[in-house]
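Asks: model this:
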Amino acid sequence: MLVITTTATMELYQYLAHYVNQTYTGQEWLIAGIMGTWASCTTSAGALAYQRWQGTLPYLLNSGISRELVLLATLSPAAIYGLVAFPLAGVLALVLGMPVANLSWILGLGIVILWLTATVLSYFISLLFILTRNAMAYEELVLTPILLLSGLLTIPSFALPYLKPVQMLSPLTLPIKLIYQEKINLELILTYLLVTIFFVYISKILTEVVIKRAFKENRLGVF
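Replies: Numbering: from 1, shown residues only. Take a look at the predicted model:
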């Protein structure tokens, strides 16, 4: 449901913002699709909170299965719904009479990379859900800033020199540029690979640290 509401809300906002002058660029549906995909992957970490509420999370994490696989299996079903965002955004754009641009294999590649990267970040964020019962209250603090700093929307020219280093460190920058079909250099690709590998590595280390602490402090019980 979140994918539908987030995607539709963003697309309708852009439709109304450009309606008077009809200044549509054809990228409105891409922005809505990115927002919907990222929202789904971010909130998929809430699946852990649901497992806690049911009282099953301690048993899942204490099984003989790898804890990384347990968390991924818990997050993945919800994150997969994020792939619905782009088709939904495209259909809404056609219904509203807005142009649909950037239809090519590069777009498909960008969407897949965006989803995979967002899932990795979702896994990292999910560790917060294990340690705190109030993590969902901070969800929006994670959702919007990361996207804005990754180049989802146009950044004012005066702020670009200050924010460009931050954009380079965001693993979402590369897939968003692919989706927009903007120019990509080797530096950006290498930075993306290094940052993504870093998140995978640090998440693997933190998994054991966080779960051991959660068990020790009895933070996995029912709310």
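Asks: other SSEs contacting the helix or strand hosting Glu11?
Replies: In this structure, Glu11 is located in helix 2-17 according to DSSP states H and E. Using 3 or more Cβ pairs under 8 Å, 6 or more residues apart in numbering; DSSP states H and E, the elements in contact with helix 2-17 are helix 28-43, helix 85-96. (Each C-beta comes from the backbone N, C-alpha and C, glycine too.)
Asks: after the last one comes which helix or strand?
Replies: Scanning forward in sequence from helix 85-96, with DSSP H and E defining helices and strands, the next element found is helix 105-131.
Asks: which of the residues in that next one are buried?
Replies: Using 16 or more other Cβ atoms under 10 Å as the burial criterion, the residues of helix 105-131 that qualify are 107, 110-111, 113-115, 117-130.
Asks: same question, stretch 31-40
Replies: Within stretch 31-40, the residues that count as buried by 16+ other Cβ under 10 Å are Ile31, Ala32, Gly33, Ile34, Met35, Gly36, Thr37, Trp38, Ala39, Ser40.
Asks: how close does the fourth one sit to Val84?
Replies: Remark: distance between Ile34 and Val84 (Cβ to Cβ, to the nearest Å) = 13 Å.
Asks: quick check: mean pLDDT across the biggest helix by length in the chain?
Replies: Taking DSSP state H as the criterion, the chain has its longest helix at helix 186-216. On average, the pLDDT along helix 186-216 is 83.
Asks: Tell me which other helices or strands that helix touches.
Replies: In terms of contacts (3+ Cβ pairs under 8 Å, 6+ apart), helix 186-216 is packed against helix 57-61, helix 67-80, helix 105-131, helix 160-169, helix 173-180.
Asks: ok, of the ones you listed, where does mean pLDDT dip lowest?
Replies: Among these, helix 160-169 scores lowest, at a mean of 71.
Asks: And that helix, how far out from the chain middle?
Replies: 19 Å (Cα atoms, centre = their mean, to the nearest Å).
Asks: try stretch 175-191
Replies: For stretch 175-191, the separation from the chain centroid amounts to 17 Å (computed by Cα atoms, centre = their mean).
Asks: list the buried ones in it?
Replies: Neighbour-count burial for stretch 175-191 [16+ other Cβ under 10 Å]: Pro175, Ile176, Lys177, Leu178, Ile179, Tyr180, Leu188, Thr191.
Asks: and what of stretch 190-205?
Replies: Applying 16+ other Cβ under 10 Å to stretch 190-205 flags Thr191, Tyr192, Val195, Thr196, Phe199, Ser203 as buried.
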